[in-house]
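Asker: 3D model of this:
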Amino acid sequence: MASSSKNRKIADEKRIFQDKWENLYFVTVVKDRAQCLICSQFIAVLKDYNVRRHYMTQHGEQYDALSGKIRDEKVQQLKASLKKQQTFFSSSNNSSECSKLFEGISLSANTVASRITESASNIYQQLITRAQGFAAFSLALDESTGVTDTAYCAVFIRGVDGDLNITEELLDLLPMKGTTTGRDIFKELEGCINTAGLPWDKLVSVATDGAPAMCSENVGVVGLLKAKRNQLSLSSPFSAIHCILHQEALCSKSLKMKEVMDFVIRTVNFIRARAFLTDVTEHLNEFNLKLQGPKQMITMMYDSVKAFRCKLSLWAKQLKSGNLAHFSALQSIRVEPQHLSYYSDIISQLLQEFNRRFHEFRDLEPEFALFATPFAVDVACVSEDLQMEIVDLQCDTVLKQKYMDIGVPDFYKFVSQEKFPKLVNAAARITTMFGRI
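Answerer: Okay, here's the model as predicted:
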């Protein structure tokens with residue numbers, strides 16, 4: 001008798017679904033099984049303890065606050081949603097065949113996880129296949145820490161094929177175990193590049209957040225990348241880019257708002273300083289928005305930087321002379337000349353910070369100018385190996401009209417690789433560059 005009691009099946013216990021569970025634990029009965037209305041998971045055993053445990057551990061914190069009529073309405077809403085899912089094929093042709101087909105698909109946690117892994121692997125292989133055919137590509141590195149305090153380095157790739165079609169994707173997420181020095185990051189990055197089979201001679205630039213571990217010429221990722229290129233005897237141009245958005249944020253911090261406010265308090269001029277900071281912040285926000293948005297070319301972003309530097313220079317001069325044309329908040333109050341001179345100095349300091357942080361782009365300005373305005377550039381200022389192609393390009397009326405119609409970067413898709421090989425390669429190099437992370 002004892003042996004029979006131990007070996008009895010759950011079905012023999014004749015457990016039934018209790019209606020009160022719907023409102024108490026947000027479950028319903030489907031084919032003699034309890035199914036959670038919230039997560040659609042089936043509960044193995046029809047016992048109050050099992051049903052209650054599932055609700056308390058998975059959903060109690062979120063749904064315990066619901067009571068009375070609100071709780072009843074939520075239950076009915078979830079039941080309606082579940083019923084809609086179950087009767088999805090009822091009005092379709094061949095609904096029975098479709099229903100049988102979907103009933104045969106396993107949706108267990110392991111199966112779903114396996115399919116996600118397979119999909120991710122397939123997408124990764126498609127990216128690698130495409131990347132191996134890039135005419136040029138750039139990388140962007142972004143180091144951060146996950147919720148488990150594990151450091152990661154996200155590697156983004158941006159490349160162009162022979163027709164200058166742009167592809168920009170997340171290449172890999174590298175977990176950094178132990179230390180996160182420049183050598184550690186480079187070692188993981190080198191493995192990532194080699195595993196993907198990316199050609200080192202096609203790498204034209206790397207964008208970073210400017211941290212010492214990234215940018216140091218000796219032990220940083222940038223320095224070690226250059227050493228790797230030298231080791232491979234690669235002589236093609238290579239650029240290190242500091243994220244423009246990151247630099248803009250650092251420049252904004254150089255305003256030293258606290259010192260401005262301290263000065264104001266000492267001079268009993270709180271309202272005037274607030275007005276000045278309002279105007280400056282508004283200008284910085286407008287500038288920041290221009291650096292955002294999809295399909296931003298690095299040349300376009302740098303044009304915005306140059307324009308903002310020109311504006312800073314103009315504002316500094318105007319403030320010193322008492323002209324408040326571009327400071328609407330300051331216009332609404334009376335400001336003494338000595339305070340305007342102080343505000344002008346602050347704008348000048350901000351300009352100096354922009355000049356200091358964006359100095360690395362000065363070396364790229366000739367390439368940017370050639371890429372953005374190939375028909376207006378002075379041939380004498382172009383690299384000698386490109387001069388003959390630029391002369392031919394500037395005298396081609398058909399291409400000139402195409403440039404006027406569609407602009408860059410799409411214009412370069414119509415430039416013949418055979419007739420202008422060096423120009424197309426130069427355009428591919430600039431097109432792949434990351435302006436931000």
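Asker: and residue 16, how many residues sit next to it?
Answerer: 9 (other Cβ atoms under 10 Å). Using the backbone N, CA and C atoms, a C-beta is placed for each residue, glycine as well.
Asker: residue 34 is in contact with that one, correct?
Answerer: No: in this structure residue 16 lies outside contact range of residue 34 using Cβ atoms under 8 Å: 10.4 Å.
Asker: okay, and the common contacts of those two?
Answerer: Residues touching both residue 16 and residue 34 by Cβ atoms under 8 Å, 6 or more residues apart in numbering: residue 46.
Asker: could you list the domains of the protein?
Answerer: Here the domain parsing of the chain from automatic domain parsing is 2-90, 114-242, 246-357.
Asker: hey, least reliable of the ones you listed by pLDDT?
Answerer: Mean pLDDT per stretch puts domain 2-90 lowest among the domains of the chain, at a mean of 79.
Asker: neighbours of the closest residue to residue 357 other than its chain neighbours, how many?
Answerer: Once flanking residues are discounted, residue 357 sits nearest to residue 247: 4.6 Å by Cβ to Cβ, 6 or more residues apart in numbering. Neighbour count for residue 247, taken as other Cβ under 10 Å: 23.
Asker: look up how far residue 298 lies from residue 247.
Answerer: 13 Å (Cβ to Cβ, to the nearest Å).
Asker: same thing with residue 368?
Answerer: Distance from residue 368 to residue 298, by Cβ to Cβ: 8 Å.
Asker: between the two, which is the more surrounded one?
Answerer: More crowded of residue 368 and residue 298, by other Cβ under 10 Å: residue 298, with 25 against 19.
Asker: so the more buried one touches residue 241, yeah?
Answerer: Yes: applying Cβ under 8 Å, one finds residue 298 in contact with residue 241, separated by 7.3 Å.
Asker: which residues do those two both contact?
Answerer: 433-435.
Asker: and which of those residues is nearest residue 48?
Answerer: Proximity of these to residue 48 was ranked by Cβ to Cβ; the top entry is residue 434 with 57.3 Å.
Asker: I'd guessed the closest one sits against residue 240; true?
Answerer: No: between residue 434 and residue 240 there is no contact, the gap being 10.9 Å when judged by Cβ under 8 Å.
Asker: more neighbours: those two, which one.
Answerer: When residue 434 and residue 240 are compared for neighbours, residue 434 comes out ahead with 23 against 19, by other Cβ under 10 Å.
Asker: and what about the residue lying closest to the more buried one once chain neighbours are set aside, helix, strand or coil?
Answerer: In space, and not counting its chain neighbours, residue 434 is closest to residue 207: 3.7 Å by Cβ to Cβ, 6+ apart. Recorded secondary structure, residue 207: strand (DSSP: H, G, I helix; E, B strand; the rest coil).
Asker: gap between residue 207 and residue 74?
Answerer: 47 Å.
Asker: between the two, tell me which one has more neighbours.
Answerer: Neighbours per residue (other Cβ under 10 Å) separate residue 207 from residue 74, with residue 207 holding more: 26 against 16.
Asker: what's the helix or strand for the nearest residue to residue 320 once chain neighbours are set aside?
Answerer: Leaving aside its chain neighbours, residue 320 sits nearest to residue 344 (4.1 Å; criterion: Cβ to Cβ, 6+ apart). Secondary structure assigned from DSSP states H and E places residue 344 in helix 337-357.
Asker: buried ones in that helix?
Answerer: Of the residues in helix 337-357, 339-340, 342-344, 346-348, 350-351, 353-354, 357 count as buried by neighbour count, 16 or more other Cβ atoms under 10 Å.
Asker: okay, now residue 387: neighbour count?
Answerer: Neighbour count of residue 387, defined by other Cβ under 10 Å: 14.
Asker: spatially nearest residue to it, not counting backbone neighbours?
Answerer: Nearest in space to residue 387, with sequence neighbours left out and distances taken as Cβ to Cβ, 6+ apart, is residue 379 at 5.5 Å.
Asker: can you check residue 394 too?
Answerer: Nearest one to residue 394, counting by Cβ to Cβ, 6+ apart, is residue 375 at 5.4 Å.
Asker: so that neighbour sits in a strand?
Answerer: No: applying three-state DSSP, one finds residue 375 to be coil, outside a strand.
Asker: how many other residues sit next to it?
Answerer: For residue 375, the count of nearby residues is 14 (other Cβ under 10 Å).
Asker: which residues does it contact?
Answerer: So residue 375 contacts 393-394, 400, 403 (Cβ under 8 Å, 6+ apart).
Asker: now do 7 Å
Answerer: Taking Cβ atoms under 7 Å, 6 or more residues apart in numbering, we find residue 375 in contact with 394, 400, 403.
Asker: now swap in residue 180 and tell me
Answerer: For residue 180, the contacting residues are 143, 151, 213, by Cβ under 7 Å, 6+ apart.
Asker: ok, so of the residues you listed, who is nearest residue 62?
Answerer: Using Cβ to Cβ, residue 151 is the member of these that sits closest to residue 62, with 31.2 Å.
Asker: for that closest one, what are phi and psi?
Answerer: Torsion angles at residue 151 (phi, psi; degrees, to the nearest 10) stand at phi -80, psi 140.
Asker: separation between it and residue 245?
Answerer: Plainly put, residue 151 is 22 Å away from residue 245 if you go by Cβ to Cβ.
Asker: residue 133 now?
Answerer: 30 Å.
Asker: the two: which is more packed in?
Answerer: More crowded of residue 133 and residue 245, by other Cβ under 10 Å: residue 245, with 16 against 12.
Asker: quick one: contacts for the more buried one?
Answerer: 291, 436.
Asker: ok, back up a step: residue contacts, the residue nearest to residue 434?
Answerer: With Cβ under 7 Å, 6+ apart, residue 207 has these contacts: 138, 140, 241, 243, 434, 437.
Asker: by neighbour count, which of these wins?
Answerer: With neighbours defined as other Cβ under 10 Å, the most crowded of the contacts of residue 207 is residue 138; it has 27 neighbours.
Asker: show me what the strand or helix carrying that one is packed up against.
Answerer: Residue 138 belongs to strand 136-145 when assigned by DSSP H and E. Strand 136-145 is packed against strand 151-160, strand 203-208, helix 421-432, with contacts defined by 3 or more Cβ pairs under 7 Å, 6 or more residues apart in numbering; DSSP states H and E.
Asker: which of the ones you listed sits most buried?
Answerer: Of those, the one with the most neighbours on average (mean count of other Cβ atoms under 10 Å) is strand 203-208, at a mean of 24.
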